[in-house]
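Participant: Provide a 3D model corresponding to the input given below.
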Amino acid sequence: MKVVVEECNPEWAVQFQQIKEELEEILRGVNYLGIEHVGSTSVPGLVAKPVINLSIISSRADVQAAIDALTSKGGYVYEGEMGIPDRHAFRKLGAFPTRHLYVSVDRCQSIRNQLGVRDICRSDPAVRDAYGWTKLELVQREWRDVDQYCEAKNDILVWVLEKAGMSSEEREQVRQLTTTATS
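Facilitator: Numbering: from 1, shown residues only. Here you go, the predicted structure:
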């Protein structure tokens, strides 16, 4: 399977904003802390798969209300935690742009990982470029599936998280979660 990675597209920020506005309407009346653009499309200048990644950050007590609203009013299909504790995944068939949507418990490992990678890649061009170069190298290979490609990024992601200030224990936890989730 060929994984597609594209040059940074300024339209990704616009697409995020449009999806965010849709989600705000769907979540009207639900308590949540924020909707974050995460993943490579959230970083200006970074190559990425053309998929908008979003995370709705919620208190643990409000997760179920968000799940209910997304599935009943938003047309999203709930996929569970998919091996990543406190990160609830959703898909929406036929949605454009393609998106990966999560409801993440505030301060869980997954959201700290997503925000850490995003923020260091936004603030440090050397880290962003090293991550982008590695992704471009990896997409030259044939992969069984996208999960295999994602697992192959573990080493560079752990390095990026180190640059973001994550402890060695947190980085090892991320490596184990990523490996488990893609196995």
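
Participant: mind listing the helices for the protein?
Facilitator: Using DSSP state H, the helices of the chain run over residues 11-26, 63-72, 109-123, 125-138, 146-152, 154-163, 168-182.

Participant: now the shortest one: average pLDDT?
Facilitator: What it means is helix 146-152. In this model, helix 146-152 has an average pLDDT of 89.

Participant: in that helix, what's buried?
Facilitator: 149-152 (16 or more other CB atoms under 10 Å). Quick note: C-beta positions are derived from backbone N, CA and C, even for glycine.

Participant: likewise the second one?
Facilitator: By neighbour count, with 16+ other CB under 10 Å as the criterion, the buried positions of helix 63-72 are 63, 65-67, 69-70.

Participant: show me the contact partners of it.
Facilitator: The contact list for helix 63-72, computed with CB atoms under 8 Å, 6 or more residues apart in numbering, reads 23, 26-27, 29-32, 56, 58, 76-78, 88, 90, 101, 103, 105.

Participant: next one: residue 183, what pLDDT does it get?
Facilitator: 46.

Participant: with distance to residue 156 and pLDDT added, can I get the buried residues of helix 63-72 in a markdown table?
Facilitator: As requested, the buried residues of helix 63-72 are arranged in a markdown table below (distance: CB to CB, whole Å; pLDDT from 0 to 100):
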| residue | distance to residue 156 | pLDDT |
| --- | --- | --- |
| 63 | 30 | 98 |
| 65 | 36 | 98 |
| 66 | 31 | 98 |
| 67 | 32 | 98 |
| 69 | 35 | 98 |
| 70 | 31 | 98 |
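
Participant: closest to residue 13 out of those residues?
Facilitator: residue 70 (22.3 Å; CB to CB).

Participant: show me what contacts residue 52?
Facilitator: Counted by CB under 8 Å, 6+ apart, residue 52 has contacts 12, 15-16, 19, 37, 39, 41, 97-100.
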